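> Next comes the sequence, and after it the predicted model I'd like to discuss.
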Protein chains: 2
Amino acid sequence: MNISKEENFSEWYNEIIKEADLCDLRYGIKGFVVIRPWAVKTINLMFSFYERMLEEYGHKPAIFPSLIPEHYLTKESEHVEGFVPECFWVTEAGQHQLKERYALRPTSETAIYSMYNLWIKGKKDLPLKIYQRAQVWRYETKATKPFIRTREFYWLEAHNCFASKEEAERQVLEDMEITQKVVGDIFGIPFIFFKRPQWDKFAGAVNTYTADTLMPDGRALQLPSTHLLGQNFSRAFDVKFMDEDGKERFVWQTCYGPGISRIYAALIAVHGDNKGLILPFSLAPLQVVIVPIFKEESKEAVLRRCDEVAERLKGWRVCVDKSERTPGYKFNYWELKGVPLRIEIGPRDVAANSFVLVRRDSGEKSSHSLESLEEVVRREGEALDQRLKKRAQEWFASRLFSATSLDQLRFDGFVKVPFCSDTLEGKECAEFLKEKYHLHVRGTVLKDKKPDGTCIVCGKSAGVYVYLSRQY
Amino acid sequence: MNISKEENFSEWYNEIIKEADLCDLRYGIKGFVVIRPWAVKTINLMFSFYERMLEEYGHKPAIFPSLIPEHYLTKESEHVEGFVPECFWVTEAGQHQLKERYALRPTSETAIYSMYNLWIKGKKDLPLKIYQRAQVWRYETKATKPFIRTREFYWLEAHNCFASKEEAERQVLEDMEITQKVVGDIFGIPFIFFKRPQWDKFAGAVNTYTADTLMPDGRALQLPSTHLLGQNFSRAFDVKFMDEDGKERFVWQTCYGPGISRIYAALIAVHGDNKGLILPFSLAPLQVVIVPIFKEESKEAVLRRCDEVAERLKGWRVCVDKSERTPGYKFNYWELKGVPLRIEIGPRDVAANSFVLVRRDSGEKSSHSLESLEEVVRREGEALDQRLKKRAQEWFASRLFSATSLDQLRFDGFVKVPFCSDTLEGKECAEFLKEKYHLHVRGTVLKDKKPDGTCIVCGKSAGVYVYLSRQY
C-alpha cells in the first residue's frame, strides 16, 4: 500500500478497495459497482449479526416488492419532495409502455405502509415490528465512492407501528441501543448519536436521529439512522387501529435503516492501517491463516502438522495457504486482506510441538505450545476485537473538539459549539457555516444541557449545543 | 382448511397461502407480492442451506448490480431474443430521460460476463465459480401464482468458467449433485433431472438440464436448472484466457439457478396436508411449540415447567404459546402453520416429570420422561424429516407412468414414452402433444437407453425416451 491512511485517506481508500479486491468500479452504469467475494463475505456476516439482533428485539423479517407505484410514493407530501428527484423509474415492460411509472424503491415506507393499512385493525395487531433486507436505489448527484455512496446499496430497514407516541419514542431509544450493540460493540466502530436539525431530517419524519462516525480524514460519515415518523405517514396511508375505547386512531411510527454496505466502508476506514485491511475476528471471511514454512526435507512433516492444526480449528474460518508463493509474499498478502490471526509452522515448531501466532492489529508475534491451540486462538481473537475497538475509540475521542468562537473552529473532527437553534430558525446560521467553512451541523446530543453562551454565528443567546464537521 | 390437497390442489394452495399468512397478494403492482414473516423465515433457512452447499463446492459469493445496460443484454443473439420481451426497463432517473435503457435483470449472464471479461486473464484464474443471492424480474405473460410464478422472484445464480469443455460438463453433473443434496435430501422434495429438448432450452445455452417435481395435481413444476453454455457467451463477451501453449482461448461456461421462492412453493405443496403446512424440522421457523394445559390452580406450576422445557430446548427454535386461546385453538393454529413438533404439558405431566409429544406429520402422540427431552426432540425431528421425504418419494413414484401409444397417455404425472427426437426434428410431434393434450415434453433422462419402438406421435423409429406432463 505505502499510503498513509491519515494523511491521504481518499487515496488510501481507493487503493485498498482495489488491492484487496473488494469492489470493481468498471461496471457499465455510473455509480453501480460489483462487490467481490472478500467484501461480500464480511457484509453477509454483518447482515447476520444485525438481523439476529433485530429479531432479538422483536422484529420479524418480510420481503416487500422493489418497485413502488408512483401513486404510493406521492401520498406523503414531504416524502415525495425528498425522494422523487432521486428515483429511477421503470416505464416500460416487454413491448409495453406502462400506464403508471414504478420507482425502484429509494426507501420502502410507501410500499410497506400501503400494506400496514391492510394488516392493522385492532390493538392486538400492535406493536408491529417488521424489517427487510434489501437493496435500494438512489439517483445520487453527489460523487459516488464504493460502499460510501453508490446508486444501488444494501441495507436493512425496520418499520414499526405503535398505539402511542411514547412507545414510538421508546423505539427510537431501542434503535440506538441496537446500533450500539452491533455497530459499536461487535463491529467496534465509534459514533455519536445525533438528533438532526429540523432542516436536515428524513423527508416525512418528525425527527431524525443518526449515528455518525468519523473517517480518518476527520469527515463525518452517517451510519444507521432512526426516524420518528409520528403520524405523518399513518395519516397519508390511513393506517388506523380500533382503540380500546372503540375509537379509530392513527398509529405512531418509526423506521430504522442501517446501511450495511456503508457500515462496511466505515469498518475498512476505521480499523485498517497502512498495510491494508484489519478485520475484526468476528467479521473476517478467514479468521486464521496458517502459513507453512519449510525446506524440501521438512515439507511433508510441516504440511501434515498444518493440516492437523487446521482440522482442530475447523469451528473457525481457517485455511492453510499451500500456494507456491514464498512465506514473505503470503504474510503480505494476508495482511493486506486483513486476516486477524496468522499461524506460522516450521520444522522447529513441528519438533517442539509449538506454533507461532502473529496478530494482524499489532504485529505481535508469540510462540505457544500446541496443546493450548484452541484456547490461544479464542483468546487472541477476542483480544484483537477488543483492541481494535479501544484503539478506534481513543482515536475518535481525540477528534472531539469544542469551540465558542469562529476562530476556534476545526475541520478534522466533531466540534461542539453553542448555537442559536436546531429548529428552522437556526438554518441561516447553518448555511453560513456550510458555505464559509464546509462545516455541517450534524445535530444535537440528547444528554447535552442547554449552553450558557451565545450562538457561535449570530451571537444570539444559544439554545442548544450542536456538533459541526465536514462530511461525506 | 377442509379442502383436499389432491382433489382440489389449486384451491388448497390459495387457501393455505392466505390462512397461514405466507403471502399478501394485494400489493399495487400486478404479479408483485409481499412475502410475510412465516414464509421469509423458512425461505432464509433454505437460502442458508443452499449457500453453504454452494460454498462447499467451491463457489464464492459476489453482488452484481440489478440493472443491466441494454447494450450488455443484446450481445448474445439468442439470449436477447429470449429475454428482452420479458424485461422491465428503467428509462428515467430523477428528472432525466436516460440515454440508454437499463433492464431490471431477468437473469445475470450479461451483467456478470461483462466483468468476467475483465477478471479472467490466464489459466490461473480458472476455474472461476461465483454465485449471487438476488431477485430477478420477469414480465411474465402467464398467470402468476404466489411463489410459483411472480414477476419478481428470489434465487441464487452460480456462473462458472472453465478451461475445457469436459470441466464444464462435469460442473453440470456437480450441479445435479448439489440439487440432490439440498432439494432432495434436506428439503425432501422428489424430482427428476431432465435434459430439456433443444426447442425448450435456456436462451443462449447449448443444453439445459432441470430438476422437475410434481405438484399434487400431477402437473410438473420446474425447480433448479443448470445450463451448459459452451462458448456462446464467452464469444459474445470476449471472455478469454491465455492457455499454456500461449494461445488465447474462449472459456467454457455453465450457469445454475435455484429459484428459492419457487422451491418454497414445492415445499408447501409436496409436504402439506389438509390441516395446513407441514414443515421439515430443519426448515421450520418454529421447530417445537410448547402448549401449556392447565386449570387456574395448576397454572403457575404448568407455566413454570413449560419455561424450563423451553430453556432446555433453546438450541432449537422453540416457544411456549402463552396466549389466552384454548389449547384446542392452539393445536389447530400451529398445525396450520406446520410446526413439526408439539409438546403438551399439563398438571399430570408436571407431577410425573413427563411430557406429551405430538408429531405434525403423523399426528402420533407419545408420552416421555422429562429426562429424555433433548434426545426425543432430536430423534423425532430427524424422523419427521425422513418420513416426509419418504412419503413424498412414494407418492412421486406412484405418479411415474409409461406409454407406447397415445391412448395410454395420462395427465396426472410423468409419462415416459418413446419419441422420435429431442433435437429440433422432434418439435412438431411435441407441438401436437401440447395442442391436443396439454402435455409438454419435459426432456430426456441421462441414464435412459435408446428405445426399441416407434415415436408415440409420428410413428417413426424412436430415437429417445422423453417424459411428458402437464405443467405450471
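Now that the structure is in, tell me what you want to look at.

> From now on I want contacts and neighbour counts done on CA atoms only, so please keep to that.
Noted.

> residues touching whichever residue of the stretch 151-300 of chain A sits closest to chain B, list them.
Here the residue of the stretch 151-300 of chain A nearest chain B is A:Glu152; by CA to the nearest CA that distance is 7.4 Å. Listed by CA atoms under 8 Å, 6 or more residues apart in numbering or on different chains, the contact set of A:Glu152 reads A:31-32, A:135-138, B:65.

> and which of these is nearest B:Asn332?
B:Asn332 lies nearest to A:Gln135 out of these, by CA to CA, at 37.4 Å.

> residues contacting the closest one?
A:152-155.

> What distance do you get for the closest residue in space to A:Pro224 that isn't next to it in sequence to A:Thr107?
Spatially, and ignoring its direct neighbours in sequence, A:Pro224 is nearest to A:Pro258 (4.1 Å; CA to CA, 6 or more residues apart in numbering or on different chains). Between A:Pro258 and A:Thr107 the computed distance is 12 Å (CA to CA, to the nearest Å).

> the more surrounded of the two?
Remark: of A:Pro258 and A:Thr107, A:Pro258 carries more neighbours, 25 against 21, as counted by other CA atoms under 10 Å in any protein chain shown.

> confidence score at that one?
As predicted, A:Pro258 sits at a pLDDT of 97.

> The residue in the stretch 101-250 of chain A positioned nearest to chain B: what's it in contact with?
In the stretch 101-250 of chain A, no residue comes nearer to chain B than A:Tyr139, which is 6.3 Å away by CA to the nearest CA. Applying CA under 8 Å, 6+ apart to A:Tyr139 gives the contacts A:85-88, A:151, B:93-94.

> Can you tell me which of those is closest to A:Gln287?
Closest to A:Gln287, out of all of these and judged by CA to CA, is A:Arg151, at 31.3 Å.

> what residues are up against the closest one?
A:31-32, A:137-140, A:144.

> want to try a markdown table for these, with secondary structure as columns?
Converted to a markdown table, these look like this (DSSP: H, G, I helix; E, B strand; the rest coil):
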| residue | secondary structure |
| --- | --- |
| A:Gly31 | coil |
| A:Phe32 | coil |
| A:Trp137 | strand |
| A:Arg138 | coil |
| A:Tyr139 | coil |
| A:Glu140 | coil |
| A:Thr144 | coil |
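
> correct me, but A:Asn117 touches A:Phe241?
No: taking contacts as CA atoms under 8 Å, A:Asn117 lies outside contact range of A:Phe241: 9.3 Å.

> higher neighbour count, the two?
Per other CA under 10 Å, whichever of A:Asn117 and A:Phe241 has more neighbours is A:Phe241, with 23 against 15.

> Report the beta-bridge partner residues of that one.
A:Arg249 (DSSP bridges).

> and the gap between A:Arg317 and A:Leu283?
A:Arg317 is 10 Å from A:Leu283, by CA to CA.

> So which of these two has more stuff around it?
Taking neighbours as other CA under 10 Å, A:Arg317 and A:Leu283 compare with A:Leu283 leading, 21 against 15.

> Just confirm that one is within a strand.
No: going by three-state DSSP, the assignment for A:Leu283 is coil, not a strand.

> OK, contacts around it?
For A:Leu283, the contacting residues are A:42, A:45-46, A:187, by CA under 8 Å, 6+ apart.

> 7 Å - rerun?
A:Leu283 is in contact with A:42, A:45-46, counting by CA atoms under 7 Å, 6 or more residues apart in numbering or on different chains.

> Closest one of the residues you listed to chain B?
For those, the nearest to chain B is A:Thr42 (10.6 Å; CA to the nearest CA).

> Mind telling me what element that closest one is part of?
Using DSSP states H and E, A:Thr42 maps to helix A:37-56.

> What's the first helix or strand after that helix?
Following helix A:37-56 in sequence, per DSSP H and E, is strand A:60-61.

> Does that next one pack against any helices or strands, and if so which?
strand A:128-137, helix B:37-56 (3 or more CA pairs under 7 Å, 6 or more residues apart in numbering or on different chains; DSSP states H and E).

> what's the span of stretch A:31-44, first residue to last?
21 Å.

> Quick check: mean pLDDT of it?
98.

> do it and chain B meet?
Yes: interface with chain B: stretch A:31-44 contributes A:32-37, A:40-41 (CA under 7 Å from any CA of the partner chain).

> who touches that stretch?
Here stretch A:31-44 has contacts from A:21-25, A:27, A:144, A:150-152, A:260-261, A:264, A:283-285, B:60-65, using CA under 7 Å, 6+ apart.

> Recalculate using a threshold of 8 Å.
Under CA under 8 Å, 6+ apart, the answer for stretch A:31-44 is A:20-27, A:144-146, A:150-152, A:260-261, A:264, A:283-285, B:60-65.

> Show me how to select, in PyMOL, the buried members of these.
Entered in PyMOL, the line below selects the buried ones among these, by 16 or more other CA atoms under 10 Å in any protein chain shown:
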select buried, (chain A and resi 20+22+23+24+25+27+145+146+150+151+152+260+261+264+283+284+285) or (chain B and resi 60+61+62+63+64+65)
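
> How much space separates the closest residue to chain B within the stretch 301-450 of chain A from A:Trp38?
Nearest residue of the stretch 301-450 of chain A to chain B: A:Ser323, at 11.7 Å (CA to the nearest CA). Going from A:Ser323 to A:Trp38 by CA to CA gives 18 Å.

> Could you do A:Gly381 as well?
A:Gly381 is 19 Å from A:Trp38, by CA to CA.

> Please name the residues that touch A:Asp243.
A:122-123, A:249.

> My guess is A:Leu446 contacts A:Lys195. True?
Yes: using CA under 8 Å, A:Leu446 is in contact with A:Lys195, at 7.3 Å.

> Neighbour count: these two, which is higher?
Shown here are A:Leu446 and A:Lys195; by other CA under 10 Å, A:Lys195 has more neighbours (23 against 10).

> how about the more buried one, phi and psi?
phi -90, psi 120 (degrees, to the nearest 10).

> List the beta-bridge partners for it.
A:Tyr209, A:Thr444.

> measure it to A:Gly230 for me?
15 Å.

> Next, name the residue at the spatial heart of chain A.
Nearest to the mean C-alpha position of chain A, counting by CA atoms, centre = their mean, stands A:Ile263 at 2.1 Å.

> how about the closest residue to that one other than its chain neighbours, what does it touch?
Nearest non-adjacent residue to A:Ile263, counting by CA to CA, 6+ apart: A:Leu223, 6.2 Å away. Contact partners of A:Leu223, counting by CA under 8 Å, 6+ apart, are A:210-213, A:258-259, A:262-263.

> So A:Leu98 versus B:Pro69, what's the distance?
For A:Leu98, the distance to B:Pro69 - CA to CA - is 20 Å.

> Which of these two has more residues huddled nearby?
B:Pro69 (20 against 14).

> ok, and the closest residue to that one other than its chain neighbours, which helix or strand is that part of?
Nearest-residue entry for B:Pro69: B:Tyr102, 4.5 Å, with adjacent residues in sequence omitted and distances by CA to CA, 6+ apart. Element membership for B:Tyr102, per DSSP H and E: strand B:96-104.
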